[in-house]
Structure formats: structure tokens, C-alpha cells
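J.: Fold the following for me, if possible:
(3 chains)
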Amino acid sequence: MPDFSKTLRVLLSASTVIGVCALSQTPVHAEDAALDQAVLDRGAYIATASDCIACHTKPGSQPFAGGLKIATPMGDVISTNITPDPDHGIGKYTEQDFEQAVRHGVRKDGAYLYPVMPYVSYAGMTDQDVHALYVWFMHSVKPVASAPAETTLVFPANMRSAMAAWNFVTTKEEPESGDSSTYDPLRRGKYLTNALEHCGTCHTPRNFMLSEKQDRYLAGTSLDGWYAPNITSSKTGGIGNWSEDDIVAYLKTGHANGHAQAAGPMAEAVEHSTSHLTDQDLHAIATYIHQVPAMDDDMEHQARDSFGKAIEAQDIRQSAPTRIDDLTEMDGQHAYDANCAACHGQTGMGTKDQYAPSLFHNSTVGSARPDNLIMTILHGVQRKTEAGDVSMPDFSGHSDVQRLSDAEISKIVNYVMATFGSGDPHVTADQVAQFHKDK
Amino acid sequence: MRQTHKGQPVAEWCASPNAMRLNKLLRMSRRDVLLGGIGLSVASTTGAVLAADTAPATPNNEDLSGFMQVSQRLTDRDTLNPQIGAALYANIVHANADRKDKLNALHALLEREKFTTASAFAHAAEKSDPKLKDVIHEILTGWYRGIADGKVVVYRSALMFDITKDAVYPKTYATGGPFYWTSKPPEVARPKGHPALSASALVIEPT
Amino acid sequence: MPSEENLSADVVIVGSGVAGSSIANELARAGISVIVLEAGPRVDRQHFVENFRNLENKPSYQGPFPAVPWARHPPDQQTPNDYLHTTGPNAEAYQQVYLRMMGGTTWHWAGCAWRYLPSDFELKTRYGQGRDWALTYDDLEPFYYQAEVMMGVCGPDPAVEDLGSPRKQPYPMDALPISYAAQQFRKLIQEKTPWRVVHEPQARNTRPYDSRPTCEGHNNCMPICPIGAMYNGSYSVYHAEAAGAKFIPNAVVYKIERDSANKRVTAVQYFDPDKGSHRVTGKYFVIAAHCIETAKLLLLSADEQSPDGVANSSGHVGRNMMDHTGVQVTFISGDQALWPGRGPLETNVIDNFRDGNWRTDRGAYLVHMVDDNQVDLATQLAISKGYVGRELEEQIRYLASHTVRLFSHNEALPDPNNRLTLSKDHKDILGIPHPEVYYKLPEYTVRSCEHTRYVFRDLIKLMHGTDEQWTPGYFPQDHPAGSTIMGTDPKDSVVDGHCRTHDHDNLFIASSSVFSTVGTGNITLTVAALALRVADTLKKELAHA
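T.: Coordinates of the predicted model:
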């Protein structure tokens, strides 16, 4: 059951804060004099840490002009233009309007936002940071005079008014106060993790009302085919066996040697957000994550990155080259050799520098859930940080590199998990098909 | 089939409560599809040994053991992989009718003289019968290049790649990520050793 | 008898290599209906990677690609090889290899993506040799850029390293950082000779590009890039198919039909593998079937109207065969360890001999220091020298780390006597004659190769080289050109400056076969640029139609 009393308390305290806070009543404009550079810098950093760009920018289009389709269980939500353009963006928003949208999910016209916008997380933002964010958006973001298509959702979620009821029952972050830059590491880490990076949006399972289940905080859940894993301090189900430096390396580069690497939505989060945080902030997040209560997992009973070792196989061969039109489906081992071993090695060790990671001691392969391995093969990996521009091609039916059938992918997944990971998951071609249906 | 707690097969990964809840919300139920597919999944081997597509004829143990001893001496190595040895032996003997006898002759010479180096062994072998040089070339070609009887017996596992892996990997296998190649590879001192056999013409196959 | 299918499109293209597939892609994206007929089958990368590993003779670039019997390609560069029959004083120098399958021969190129020099288009005017093209560098410049974007070409900043072909835009990707071996070679050349080593422009990803990954230096560009970091024609096939172009594999075109006036092509006919005949009609036709097969098809279509073959009123179809016949040497450097084979195969070039006033007398050339893994060759060499055991292993390491391979692309000239004809003695299972080529190296090329040998000897000395292994005679570079030569005069050329045949208004040729001279850079980028220009012409004409 949703915790109504807690929700009410949150709402009440939030309004109290607004009541006492002297928010600007008119939009800020670029020409406004004496803009404090420190405020702009803070705003830019908050925007990065909150990863606004990830949803509000369509790849290849203008930053913050919206238009990205975000799949939800209710249908696609199309992100909006949040540039300071007065007609198509948020140019007419006062700081109070802005605050209402960011922390409470209420648009300037009074309509409720869909909770794809993580205002339940941003609700925890300090007034000072909301102010900086507002100033930065109004001053530093280039206005774009175009509006993306409107979102059309299926009943009942298309009733934006229904969101009012949802907002009433769902759990929100409690707002923080004071100057967030002066927090001690644990408080700073909590603030970054919950209010800004909104990690729980993906990593915390949701209840039947699609609210985050606070009793399963960061315990892992499915997300558009990917599985956002349990990142609690559980040493078997979560990442309790990672060092603070491992977590920092992962958030900074998308890769933690011998543990995991980011792909899919997490690669985007690393690329656009976490890789740009200061080392101090990354350590703060790690400090906080480390003490999140351990949640065991109903399927993972051994650390995901603890499985496997390099194999000592001899590649004894007896086949001559086959005719160019021989496209016979290979078994898992041969398909692995032909498609994966070029980079990950026949031993599974990856390249010496781990640009192509080892497949043993690898969370994706050691997980009891083959979801992320299937998704990685279907979508590849794209992740650009200062540490490098990492790319693995996709092997889907649309690949330019190699188009594998669902059966071939299932065989590779089974071979890889049996050889380097948690054991053969016996994935079938039909199961693989579910991961790319209608896409 | 590997079992999880409560005796459920791993293929039911999607049957976790979270997944079930989300699947209910999705247009299609992945879980239903998955559960339907479980009956079809077949237990497969989890062994990591790469089996050959077709096994070469199994050689007689004594011959193979002689071949392995000769090979170890000619490579100055204490251990060589017996599966590769069996495959090489079968192919070398298959390629040439007299190879069995020549290999036996090499083995007999090694047993008699108890050579302590490859060079001494090879030198004495050529002296005793110049035709043994070809056999020695075939053995070395087999172990180092992975080729026998005009076929690739092993590619990646050929010894020539083992002794150069600090610098380069076999073609089609990546040593490092992008641009690793700009770094300085290991220096290699000019060798001081001498050939043990008379020189032969190097015949490079036309491309 | 042709079957009753109704196969028809605005544009019918023969051949699905870089030329045919890129035209198909451009046209399909413009909403024009396209059918591409490919003689060979659909293929995939994973089987080629395994084929390579299973291949005993690894340097054989054709080895991983055993042909289908209805669309044979040369099995190797040997003479004779039972498909491409070469004769004449330099028969062995014209033993070209290529691939007949979806995507074409770029499945096993090294990605070298040179633009020609402005002078390459005006050899006659500037140096009194060969011919001029019926177009200039400036005509082609925008299409060179379009081709570079399509393939994903990396190359140096012209402000830092000017390769002599003026650019309006920078390369789509930054130049590929060269290997330690190439860096040492570059340094040596810079310090000890009047020459220079430049970064080679390559259709290879130095960052993720077009949904394909960055090169990781698997060192196997030829014969098969295992990860798709290098461009090949199959990507254009996929893009064209996604845009709506129809590709028909295993369709061996054997006949080009014309109208009664013999001015317009009306249809092509093809055999399926069972020799069932099919007819495809269209408004425009493009033959993009590789230099050798394109000329073969035009000659094969001879009939009463055109007794010497289609588009052949000049008699020049099949003549003027050219290549970048080269010189190749491998030796053991006496200096520090280089360990070639780390990174992609061909990344750096001595480009001082690509142009100069001496072109009045001898052909231009460029020199590649090939960066390929020499472990196998070193092992063969060490075994042949008589080493065994520990001494053998020391030798392998030393030789593998010190082997240097140099080869050149030397410029040929169009000579009508160097001629492709249909074999009278050899036919394939469909009854189609094999190609036969008479080849005598032009003296211009021989003098160029002599010069190259002097330069190579200097370089060997400079690197304290030993154990020189010169590839005997002249080395075919698989860059055939000239068989449907371009020119302004219909009496001595086959196509005009837009690659349209002089004889047939709606018949275009997109292939290196239209090259009037062959320059020095690898031919593929120029083939692609010419093809994109053909696509541009077709788009305009179909828009007005």
C-alpha cells in the first residue's frame, strides 16, 4: 500500500518551503545585468547532474528542444522543448512556474506532467539549486523555436488530470535545504543519487500504480528490455562487493574492470551526466550507494561479476573454407568464435586494455537474467566519455556488420553464459524475438 | 538444466515479481512467451573444450607418445598439448605414406642418444638420414604454424602466436582497443643461435 | 525463352558492388524505383571470418571466398587459374582478383580511399602521355566528398598534410594514428631522404560512424575485416534496401537488349543458377559490374545490330586495360624492432612519386609500407633456414619484429592492344565464356617500376636490410581499369564525361572501366565518386522525364 501519510507530509512540507521562499515572479532574460557566473556554473552542473539533456534532446537535434520518444508501459511519451523560447519552450516561465514543473510536475497552464519527468526525484532539489537551474536554462540555453509533437497516451493515462491523483499517492523525495555544495559526503551523495541523478527512476521497481517501491529501493527492475540491476549493498544481489573506486570508475567511464560496463540507457546516463561530475561528487555517490540497505535478489544468489574465468581451449580445426553462399547457422561456440572472439578473444579475456571487456567477471554475463546480454547483442554499445569512445556493433536484423537470426543470438547467449557466466539460461529464439518485437 | 532456488529453471528469469508486474502492463506478455518456450529448451554442454568438427583418426597410443616425445625435443618444450599433437600426428601421417616409419626412426634416434637440445637432435637426425629434415620441417610447421597435410589444424593455438603474443595477436583477433598500435612494442635482441639443419629454399605459395 | 515475370524499374543496375549499390541507394532515397541484379549470392561476414581462419594459404585474398559456379571469380592470382585467362608478355601481371557477390570486391579491400590528383585527369595535356579524361578534378570534387561521407573516410587535415587533391571540406573523420612501425618508418624517411610519408586516407572508422565501430586493428582488412570498421559495399546494399531498392541475387545478366534504332536499351536478360532466363525492363540502365565483367557483358551482348558488342561502335570495349602493376619486396630490417601487424594493414604512403615533370617519360607511383602481421612468414623463413627448438623461437621473434614489406602502385597507360576478349575455349556452367586478357606492360610503366626498384634498394640499405625477397616479375594490384574508356570522341572512346555510353542514350557505366588513365591512388573512391555522379545525372533526368 502506498504510504499516504508520508506523501501528504512531503506535499505539505514542500508547499511550506515555497511559501517562505521569495521566488522571482518574472522570467529572467539574457540581457538581465549582473548575472552571477557562479550561479550559472552551478545551474549548468545541476542540469548535467540531473541529466535533463538525455530526455529533452532528440539525437542529432538541438539541445533541450525535446522530441525524444520515451517508451513507457502506457505508450510513448514525447519530451518537450525546454529551451527559453517564449512560444515553443519555457521562455514565459517565471521561476515559480519552473519550480512547479521541476519539483511538482505541474505545467505553467496547470496541467500535470507525466511522471516520466522525474519530478518525484527533483522534488528533493534545494531552492538554491532550482534557482541556479532556472537562471542557467533562461540565460545559457539557446532558444529553439519549434515544438515537438504532442504526447498521446492511452486511457487512463491520457487524462493528465489523473496524474493529480497519482501525485497524491506516490512517494516523492523530501526536499533538501541549505547549500547543497556544503553537505558532508553522505548527505551530498544521497542528494546527488536521489534528487539529481534520480537513480531510482530506473533502478527501483515500481508498484502496481507505477510508483517507486520504497521498500525495494534500488533493488533492480526491467526497463524497456534492459534490466536496471540491483545496486544496493547486497554482496550477492547488488554491488556490495564493489569498492568505492570501482563505483567511481564506473560512473566516470562507464567501465569498471572485472565488474561491469554501461550500455543502453546507463551508457547515456554515464555519457551525458555522471562522467561530467567532479571526482568528489562521484565519491560522494559511491559513499552513499555503499550504505544503501542491502536487498537480496530473488534470482541472483552470487555476485554477478564473480563468475567465470578465461578458457584454455585449443582451436583445433578440420574445416576448409566453405562456398560464399554457405550461410549455414552455426552452433553457439562457432558463432561466438566468428562474431565475438575477434574482440573478446576466444578465451573470453577481452583486449589487453579491456576496451573490449572480459566476458568472465562481467555482470552482464554473470547475471542470472540474460536480458542485458541479449539487449547488448541486439543494440550494441555506444558510450563516449573522456576515457574513450566505446563502440560495439549491434548484431540485430538491421545490423550493417552482421545480421544474426534470433536463433543464432540465442545460441551465442547460451554459449557465453554457460562458458563465462552464471550457466546456460536456455534462451530460445522466440524469447530473443520478444526483445526486439515491433522495433 | 541449472536450477535456481525453489527448483525453478533459469529460463524463468522474467518471472521475477518486477518483471511480471511490468509485463502485465505491456501489450504482450513476455513471460507467457518465455514459459511457453521452456519446454523446447534443450540441455547443452557447458564444457569449455572446443571439439573438432570431425575428429581425426585416433592414432595408436605408442606412436602418438613417440611423436609427442620427438615434438617436445624439437621444440625444446616440456609440455605440448596432447589434443593438438594427436591432430597433427594424424594429418602428418595421412599426408605421406612413409611418415610413420620416419617418425619411428626419429623416435628411435632420440631414445638411443638422449639428446638434450633440439639442435643436437635435429643435426644428428639430418646426418643419419637427410630425408629426416623434411619430417622435422613438417613437425615444426605443425606445431609452430598449425598446418599439416595442407590444412589448418590449429590457428590461434599455433606456437608461433604464443611466442609473439606480447607484441601482436593473430590476424582477426584484437590485441587492444583503438589506436593501441601507436605504443612501442617490445624490443627483440638479435639472436645468437645457429641453424641445426641445412638451409632449404623458402617456397612462398602464390596468392 | 524469357519467363513471364514482370520485372521492371525506372533504373536497372547490373552489379551490387560499391558503384551499383551506392547508385541504388541514392536513387531509392529520391523515390526512384530501382532493381539491382547481382550475379553472385547474398553473403555474410561471420562465415568469411571463419573461412579465413580455416584457410591454409592466409595471404591468398580470394581464399576465404570460394565462388559459386554460376558466377565464378578468379580463385587466386596464379597463371593459369581457370577463370581469368591471361596471355601476352606480361600475362602474370594482369592476374586480377575480384569478388562476384552481394557488396562486391570491397569485402576484401584495404580501405585506401585516395582522391586522384588534378593532373591525373589531364595526363595528355600536362605530360603528353595517355589521354585526358572527359571531366576535370573540379567536376568530381563534390562527388569525392559525397563518397567520403558515404564510406566514412578518415584522413589528415590538409593544412597539416596536403595530399595534393584540393578539398572544400575536411575529411569526415580524423586521420588514423599510425602504428609504432609506421612512425619509425616515417621518421627515417623524413630524416634520411628527400621524401615524405603521409597518412593514407582510409574508409575506416577512427570513431564510431554509420552504426559501425571504431577500428581495433585486427590487421585483417584484407581479406576480411572481422568487425565492420572498414567500409564495404554491403553497407550501401543494406541502406539501399532500407530505402526501397530491390536487389536480386544470383542473377547473371548475359544480354543487353536495345530498341530497333539501337539507340536505347530496353531490357536486360539474366540467368538464374538453373539457367532459367528472366527479363528486366527499365527506363535507364547502369552496368556496374567491375571492369572485367562489365566489358565481358557488353561483348557478350553482340548481335546482328551490334556485331562487336553493345556500346562498341568505337571498337574500344575491352581495350585499354590498365592496372597499378607494382613492385614488391620483403626484407629483414637490421635496426630496432618494428613488429608490423599492429593496427590496420595500409596506413601510410610515400607520395613523392605521385606527380612530377618526369611523367612525360615514366609513370607515377606510390609506395606502401605494409603494416601486416609477419609472424607466419617469419616462421616459414626461420624453419627454412634450419633453426629448431629454442633457436627457432628466437628467430621467429626476431624476424617477425623486423620484417618490412614495401610495394608500389605504378601507373599504366591506356594501350588499345591490351585487350579483354571472350574466351573461345572456356565457358562456365551457364555457357558464358570466361574472360581472356592479353597484357603487355607499357614501357612507361616498366620505366616507372625500374625507378621504384632503385628507390626500394635505397630503402633496404637505409634500414640495413637483409634477406630480400622480391616478388618475381610484376605484381598485379587488382585495380583493373580502362575497358570501357571515357573520352569526348565517340570514335575512340566508349563513354562520355558523365559515364553515359556514346552509343546508347540510356545506358551508363559505373566502374573503373571508364577510367581514361589510372593515376596512382587506389581506384575505389574514384569509382564511388563517378557512380554518385551518375546517380546525380539520373535523378535530374528522371525528374524532368
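J.: ok, so what distance separates C:R196 from A:C340?
T.: Distance, C:R196 to A:C340, using CB to CB, to the nearest Å: 40 Å. All C-beta spots, glycine's among them, are computed from the backbone N, C-alpha and C.
J.: Settle it for me: which of the two has more neighbours?
T.: Using other CB atoms under 10 Å in any protein chain shown, the more surrounded residue of C:R196 and A:C340 is A:C340, with 22 against 13.
J.: pLDDT-wise, which helix or strand of the chain ranks last?
T.: Since no chain was named, I'll use chain A. Using mean pLDDT, DSSP states H and E, the weakest-scoring helix or strand in chain A turns out to be helix A:4-20, at a mean of 32.
J.: I was after chain B.
T.: Scoring the helices and strands of chain B by mean pLDDT, DSSP H and E places helix B:30-38 at the bottom, with a mean of 30.
J.: quick one: contacts for C:V367?
T.: C:349-350, C:353, C:406-408, C:452, C:455-456 (CB atoms under 8 Å, 6 or more residues apart in numbering or on different chains).
J.: Check what pLDDT A:S275 gets.
T.: pLDDT recorded at A:S275 is 97.
J.: Could you give the number of residues near it?
T.: 20.
J.: SS state for C:V253?
T.: Per DSSP: H, G, I helix; E, B strand; the rest coil, the local secondary structure of C:V253 is strand.
J.: My guess is it contacts C:L37. True?
T.: Yes: taking CB atoms under 8 Å as the definition, C:V253 is a contact partner of C:L37 at 5.4 Å.
J.: need the contact list for the residue in chain B that chain C sits nearest to.
T.: Distance from chain C to each residue of chain B (CB to the nearest CB) is smallest for B:A118, at 2.3 Å. Residues near B:A118 by CB under 8 Å, 6+ apart: B:73-76, B:196, C:388-392.
J.: Please repeat the previous calculation with a cut-off of 6 Å.
T.: Applying CB atoms under 6 Å, 6 or more residues apart in numbering or on different chains, we find B:A118 in contact with B:73-74, B:76, C:388-389.
J.: ok, which stretches of the stretch 401-545 of chain C are helices?
T.: Using DSSP state H, counting those that start in this stretch, the helices of the stretch 401-545 of chain C run over residues C:443-462, C:524-544.
J.: With mean neighbour count and mean pLDDT as added columns, please give the ones you listed in JSON lines.
T.: Listed next are these as JSON lines, based on neighbours: other CB atoms under 10 Å in any protein chain shown; pLDDT from 0 to 100:
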{"stretch": "helix C:443-462", "mean neighbour count": "18", "mean pLDDT": "98"}
{"stretch": "helix C:524-544", "mean neighbour count": "22", "mean pLDDT": "97"}
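J.: now the ones you listed as JSON lines including distance to A:E329?
T.: As requested, those are arranged in JSON lines below (distance: least, CB to CB, whole Å):
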{"stretch": "helix C:443-462", "distance to A:E329": "48"}
{"stretch": "helix C:524-544", "distance to A:E329": "32"}
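J.: Which of these sits closest to C:S260?
T.: Closest to C:S260 of the helices of the stretch 401-545 of chain C, according to CB to CB: helix C:524-544, at 22.2 Å.
J.: for chain B, which spans come out with low pLDDT?
T.: For chain B, the stretches with pLDDT under 70 are B:1-59.
J.: Identify the residues contacting the residue most central in space within it.
T.: By CA atoms, centre = their mean, the mean C-alpha position of chain B lies nearest to B:S157, the distance being 3.5 Å. Contacts for B:S157 (CB under 6 Å, 6+ apart) come out as A:314-315.
J.: try the one 10 residues further on
T.: Remark: with contacts taken as CB under 6 Å, 6+ apart, B:A167 is in contact with B:185-186, C:339.
J.: Who wins on neighbours among the residues you listed?
T.: Neighbour max across the contacts of B:A167 (other CB under 10 Å) = C:W339, 28 neighbours.
J.: could you pull out the strands for the stretch 51-200 of chain A?
T.: Ranges of strands within the stretch 51-200 of chain A are A:69-72, A:75-78, based on DSSP state E, counting those that start in this stretch.
J.: okay, those in TSV with mean neighbour count and distance to C:P74 next?
T.: Output for the strands of the stretch 51-200 of chain A, formatted as TSV (neighbours: other CB atoms under 10 Å in any protein chain shown; distance: least, CB to CB, whole Å):
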stretch	mean neighbour count	distance to C:P74
strand A:69-72	15	50
strand A:75-78	17	53
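J.: I'd like to know which of these has the weakest mean confidence.
T.: Mean pLDDT is lowest for strand A:69-72 among these, at a mean of 81.
J.: what's the burial count for the residue in the stretch 251-400 of chain A that chain B sits nearest to?
T.: Closest to chain B within the stretch 251-400 of chain A is A:Y355: 2.3 Å, counting by CB to the nearest CB. Other residues within reach of A:Y355 by the criterion other CB under 10 Å amount to 22.
J.: my read is it is in a strand, agree?
T.: No: using three-state DSSP, the assignment for A:Y355 is coil, not a strand.
J.: mind listing what it touches?
T.: B:G177.
J.: Show me which residues of the stretch 251-400 of chain A are close to chain C?
T.: By the rule CB under 6 Å from any CB of the partner chain, the part of the stretch 251-400 of chain A lying against chain C is A:317, A:319, A:321, A:323-325, A:327, A:338-339, A:342, A:389, A:391, A:393, A:400.
J.: Which parts of the stretch 101-250 of chain C are strands?
T.: Using DSSP E, counting those that start in this stretch, the strands of the stretch 101-250 of chain C run over C:154-155, C:173-174, C:197-199, C:246-248.
J.: Just tell me which of those ends up closest to C:P414.
T.: Checking those against C:P414 by CB to CB gives strand C:197-199 as the closest, at 27.6 Å.
J.: I'd like to know which elements that closest one is packed against.
T.: Packing contacts for strand C:197-199, counted by 3 or more CB pairs under 6 Å, 6 or more residues apart in numbering or on different chains; DSSP states H and E, involve strand C:348-350.
J.: What separation is there between the closest residue to A:T170 other than its chain neighbours and A:G105?
T.: Leaving aside its sequence neighbours, A:T170 sits nearest to A:S211 (CB to CB, 6 or more residues apart in numbering or on different chains; 4.0 Å). According to CB to CB, A:S211 stands 13 Å off from A:G105.
J.: In terms of neighbours, single out the busier of the two.
T.: Comparing A:S211 with A:G105 by neighbour count (other CB under 10 Å), the higher total belongs to A:G105, at 25 against 20.
J.: got a list of what the nearest residue to C:L459 once chain neighbours are set aside touches?
T.: Ranked by CB to CB, 6+ apart and with sequence neighbours excluded, the top spatial neighbour of C:L459 is C:L406, at 6.5 Å. Each residue near C:L406 by CB under 6 Å, 6+ apart is listed here: C:329, C:369, C:456.
J.: Is C:L406 bridged to anything, and to what?
T.: C:L406 has these beta-bridge partners by DSSP bridges: C:V329, C:M369.
J.: That one and C:I523: what is the separation?
T.: For C:L406, the distance to C:I523 equals 20 Å [CB to CB].
J.: From chain B, how far off is the residue lying closest to C:Q374 once chain neighbours are set aside?
T.: Nearest residue to C:Q374 in three dimensions, chain neighbours excluded: C:T403, at 3.8 Å (CB to CB, 6+ apart). Noted for C:T403: a distance of 12 Å to chain B, by CB to the nearest CB, to the nearest Å.
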